[in-house]
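> build me a structure from this.
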Amino acid sequence: MEITYASPSSPNLTALAAMPSSATTKRTVRIIPVQHPTVTNSSSSSSSFVFSAWLSKLRKMTWMEWIELFFPCFRWIRVYNWREYFQVDFMAGITVGVMLVPQSMSYAKLAGLQPIYGLYSCFVPIFVYSIFGSSRQLAVGPVALVSLLVSNVLSGIADPSSELYTELAILLALMVGILESIMGLLRLGWLIRFISHSVISGFTTASAIVIGLSQVKYFLGYNIDKSSKIIPLVESIIAGADKFSWPPFVMGSITLAILLVMKHLGKSRKHLRFLRASGPLTAVILGTVFVNIFHPSSISVVGDIPQGLPNFSVPRAFEYAESLIPTAFLITGVAILESVGIAKALAAKNGYELDSNQELFGLGVSNILGSFFSAYPTTGSFSRSAVNYESGAKSGVSAIVSGILMTCALMFLTPLFESIPQCTLAAIVISAVIGLVDYDEAIFLWRVDKKDFLLWTITSTTTLFLGIEIGVIIGVGVSLAFVIHESANPHIAILGRLPGTTVYRNVKQYPEAYKYNGIVIVRIDAPIYFANTSYIKDRLREYEVTADTSTRHGPDVERIYFVILEMAPVTYIDSSAVQALKDLYQEYKLRDIQIAISNLNPDVLLTLSKSGLLELIGKEWYFVRVHDAVQVCLQHVRSFERGSNNSSQTSLALSDDKPSVYGQLLKQTGENVPISDLESGKGRSPLSMDRDSHLEPLLSKEH
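Predicted coordinates for the structure are as follows:
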């Protein structure tokens with residue numbers, strides 16, 4: 001058996017000292033000469049280390065790696081197997097393109113734009129993303145949630161029928177692209193991690209309900225107020241009930257039923273999965289044929305759609321840019337959460353690496369260049385990406401095929417789109433957003449984590465009743481509040497020794513673990529900084545006062561003499577925490593309590609060394625293992641038990657002018673061996689016991 005110290009108690013203790021104890025057992029006191037870090041021997045700050053590592057990586061990059069850095073498409077181009085992959089990529093591209101044509105027009109209507117701008121938004125962005133994007137299966141284009149955000153903010157600035165409204169939508173695409181590109185270049189994609197999945201699920205659920213209600217007007221046959229809040233929408237629907245028209249309602253309902261049935265069959269049966277992608281096109285064809293045959297006057301149609309590719313033009317209306325900044329940030333956040341999340345999942349399923357920052361940059365470039373060709377903000381679509389993956393897409397070739405199909409639609413097919421019923425496009429939007437109503441997630445959260453369920457409920461409720469922007473702000477704010485609360489109130493555990501081992505675990509999780517009289521072993525499971533120091537100090541005081549002696553082992557003492565801090569989980573400690581530890585040490589010192597610390601992180605050790613806390617507590621009270629600290633502390637407590645009638649001896653053990661820990665043990669156990677001999681490994685160890693401490697409690701209660 002051996003005791004291991006993390007640092008010597010005097011400068012010349014650098015060798016191992018074997019100390020024979022009895023005929024049956026041997027214990028080694030081992031000194032590990034830890035080099036206490038200083039400013040001069042440390043490898044500078046972690047930030048400079050990361051920067052230097054990044055520069056070193058750049059210097060080692062080959063010319064091919066440089067090309068792949070700026071044009072991620074080369075990663076799949078140079079390994080592309082044309083004979084094996086092209087056929088499946090071609091079919092996947094056709095499938096997504098067929099789905100994209102009617103969806104893009106529907107989402108443009110949702111955004112308050114003419115349907116042609118939905119087609120424009122699927123032209124340039126698709127080709128650009130296939131070059132600069134790193135995902136091989138992500139399908140880029142208009143999506144319902146972004147379209148609703150565009151409509152919500154722009155309708156408060158300009159009339160949807162005005163030219164200014166269209167210019168603002170195009171300008172918004174440019175601003176979103178710039179933000180995404182900057183965040184990608186500065187590698188700031190990690191910021192979105194602070195928004196929990198519960199917030200996203202609640203937000204998308206509420207948004208889906210608002211989107212569905214906003215499209216009901218095409219079913220009912222009369223206009224309703226445009227709003228992102230559920231109450232004005234419902235009031236407007238009820239107020240116009242006398243204008244209800246049956247033909248669009250019947251046609252829209254039948255179309256929606258067809259779409260939902262085809263989607264369900266496509267998901268549930270593999271041999272029918274083509275139905276999921278062909279549903280929107282089928283609905284458009286049936287609706288157009290019906291209108292061309294019967295010419296119902298009560299069913300409104302799309303109307304004239306310009307033919308040809310969009311012209312190059314620079315976005316205008318920059319005087320409104322300031323008012324669009326919040327929405328640009330919000331759309332960028334949605335792009336990170338939706339697109340990057342989908343892209344990472346698809347990359348994992350297909351066995352290749354994906355850089356989220358590179359992905360964000362690719363989305364940004366596609367929005368920037370798309371804005372010069374009349375596109376409004378685009379991002380990755382969950383439904384179309386899923387169809388692309390299920391169709392067997394292997395690379396960006398599928399996106400290029402979809403882009404070519406969109407080009408053909410713009411050049412030759414727009415006259416055919418003029419007779420598409422508005423209720424059909426509305427049914428396509430509603431069928432798409434029904435899948436966003438995530439009630440399964442709410443049930444799961446209720447069953448697993450009530451706090452996350454509360455967060456989901458708050459976000460969805462505020463989004464429904466107060467609007468999208470306020471809902472997002474409140475949801476993110478509450479999410480960050482939960483993060484701060486968890487950080488400021490970290491988990492702290494009292495440890496005990498598992499019988500027959502030298503392993504120490506949480507006594508709540510392992511009630512059979514041994515606790516020892518006179519000692520509290522505490523593990524702090526978080527970094528220590530200014531926000532949680534007060535909580536940690538309060539908990540430590542609480543453990544000292546409320547120590548349960550009924551289930552403890554070891555010497556028969558009635559109070560705490562040692563507090564052992566297991567600091568392996570503590571990855572960071574700031575100046576406020578250092579000062580708090582100093583204050584705690586002084587408090588303990590007045591009550592004859594000694595702090596012992598085990599398993600320090602190198603960065604934490606550096607901070608403690610710079611602050612002087614290392615010397616204040618004493619280097620002999622830093623241990624490699626909790627078990628080593630417990631052995632030493634138990635020997636102290638045992639001696640306190642023996643000399644309980646002599647209070648001066650107890651105080652002496654923890655006085656300022658104490659010798660090294662070995663010297664203290666020597667005096668308290670009555671051994672007449674010189675300290676120098678004991679520290680060098682000569683003489684009998686005062687730490688020897690009659691039984692193997694690996695197998696039994698360190699000190700039984702009988703002692």
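> okay, which residue is most central for this structure?
The chain has Arg193 as the residue nearest its centroid, 3.5 Å off, counting by Cα atoms, centre = their mean.
> let me know the pLDDT of it.
On the pLDDT scale, Arg193 is placed at 71.
> give the contact list for it.
The neighbourhood of Arg193, defined by Cβ atoms under 8 Å, 6 or more residues apart in numbering, contains no residues. (C-beta placed from N, C-alpha, C; glycine too.)
> repeat that for Val563.
Per Cβ under 8 Å, 6+ apart, neighbours of Val563: 519-520, 522, 540, 543-544, 588, 593-596.
> and these, which is the shakiest by pLDDT?
Glu544 (73).
> measure that one to Leu584 for me?
10 Å (Cβ to Cβ, to the nearest Å).
> Pro315 now?
To Leu584, Pro315 is 60 Å away according to Cβ to Cβ.
> so where's this structure uncertain?
Low-confidence segments of the chain, defined by pLDDT under 70: 1-54, 58, 546-552, 554, 641-703.
> quick one: the strands in it?
2-5, 17-20, 26-31, 139-141, 379-381, 492-497, 504-506, 515-516, 519-524, 552-553, 562-566, 594-598, 622-623 (DSSP state E).
> mean neighbour count, those strands: which tops it?
strand 139-141 (a mean of 31; mean count of other Cβ atoms under 10 Å).
> the closest residue to Arg523 other than its chain neighbours: what's it in contact with?
Spatial nearest neighbour of Arg523, excluding adjacent residues (Cβ to Cβ, 6 or more residues apart in numbering): Glu566 at 4.1 Å. Counting by Cβ under 8 Å, 6+ apart, Glu566 touches 495, 504, 521-524, 598-599, 626.
> thinking again about what came up before, which of the contacts of Val563 lies closest to Ile336?
Val522 (39.0 Å; Cβ to Cβ).
> quick check: bridge partners of the closest one?
Bridge pairing for Val522 (DSSP bridges) gives the partners Ile494, Leu565.
> so it touches Pro490, yeah?
No. Between Val522 and Pro490 there is no contact under Cβ atoms under 8 Å: 11.6 Å.
> quick one, what contacts the closest residue to Ile67 other than its chain neighbours?
Leaving aside its chain neighbours, Ile67 sits nearest to Phe74 (5.3 Å; criterion: Cβ to Cβ, 6+ apart). Applying Cβ under 8 Å, 6+ apart, we find Phe74 in contact with 64, 67-68.
> what of Met262?
Counting by Cβ under 8 Å, 6+ apart, the residues that Met262 touches are 275-276, 278-279, 282.
> one more time with 10 Å, if that's ok
272, 274-280, 282-283, 431 (Cβ atoms under 10 Å, 6 or more residues apart in numbering).
> now the buried members of the residues you listed.
Buried subset of those (neighbour count, 16 or more other Cβ atoms under 10 Å): 274-280, 282-283, 431.
> residues contacting stretch 308-320, please?
With Cβ under 10 Å, 6+ apart, stretch 308-320 has contacts from 116-117, 119-121, 123-124, 154, 157-158, 163-175, 321, 324, 368, 370-375, 406-407, 410-412, 414.
> who's in contact with the closest residue to Tyr439 other than its chain neighbours?
Nearest non-adjacent residue to Tyr439, counting by Cβ to Cβ, 6+ apart: Thr205, 7.4 Å away. Thr205 makes contacts with 433, 436-439, 441-442, 456, 459-460, 463-464, as judged by Cβ under 10 Å, 6+ apart.
> number of nearby residues for the nearest residue to Gly467 once chain neighbours are set aside?
Once flanking residues are discounted, Gly467 sits nearest to Ser228: 4.8 Å by Cβ to Cβ, 6+ apart. A total of 26 residues lie near Ser228 under the criterion other Cβ atoms under 10 Å.
> wait, doesn't Ser228 sit right on Ser151?
Yes. If you go by Cβ atoms under 10 Å, Ser228 and Ser151 touch, sitting 8.2 Å apart.
> need the overlap of contacts for those two.
By Cβ under 10 Å, 6+ apart, the residues touching both Ser228 and Ser151 are 211, 214.
> thought Pro248 was touching Leu425?
No. Using Cβ under 10 Å, Pro248 is not in contact with Leu425, being 11.6 Å away.
> more neighbours: these two, which one.
More crowded of Pro248 and Leu425, by other Cβ under 10 Å: Leu425, with 30 against 24.
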